[in-house]
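Student: I would like the atomic coordinates for the input below:
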Amino acid sequence: MYVPQETIASILGDRSRFAIPLASLIGVPLYLGNLSALPIVKGLLIQGMQPGAAIAFLIGGAVTTIPAMTAVWTVVRRPVFALYIAFSLFGSMLLGYFVSIIL
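Tutor: The predicted structure follows:
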């Protein structure tokens, strides 16, 4: 609502080469639950976000929420936690590119 449609389309749209990694990284600091993420992504898709970036945003945001990271942090050591973050972000970007190729 506060960001113009042209800005979202230029940053996260089909012409942007960095839309999928950027969407994955934007999802990291957001606390996205199952119910709150879908309306946000729907609004972004309406404003011009590409579907692959939307998938990367959904997965990257859900995996890196504070409760999820806290749960993993209490169970594993620091190197494993770093691998958890790296694999989840890489995986969300990979799936975003896969969806982008299919659609």
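Student: Assign the residue nearest to Gly27 when sequence neighbours are not counted to helix, strand or coil.
Tutor: Nearest residue to Gly27, sequence neighbours excluded (Cβ to Cβ, 6 or more residues apart in numbering): Gly61, at 3.0 Å. Just so you know, the C-beta spots here come from the backbone N, C-alpha and C atoms, and that holds for glycine as well. In three-state terms, and counting by DSSP: H, G, I helix; E, B strand; the rest coil, Gly61 is helix.
Student: in the longest helix seen in the chain, what counts as buried?
Tutor: Scanning the chain for the helix with the most residues, using DSSP state H, yields helix 78-102. If you call a residue buried by 16 or more other Cβ atoms under 10 Å, then helix 78-102 has these buried ones: 84, 88-89, 92-93, 95-97, 99-100.
Student: got it, and stretch 22-32?
Tutor: 22-28, 32.
Student: Which of those sits closest to Glu6?
Tutor: The nearest member of the buried residues of stretch 22-32 to Glu6, counting by Cβ to Cβ, is Leu22 at 16.2 Å.
Student: Columns distance to Val75 and pLDDT on top of the buried residues of stretch 22-32, output as TSV?
Tutor: Output for those, formatted as TSV (distance: Cβ to Cβ, whole Å; pLDDT from 0 to 100):
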residue	distance to Val75	pLDDT
Leu22	30	89
Ala23	28	88
Ser24	24	87
Leu25	25	85
Ile26	27	82
Gly27	23	80
Val28	20	75
Leu32	22	68
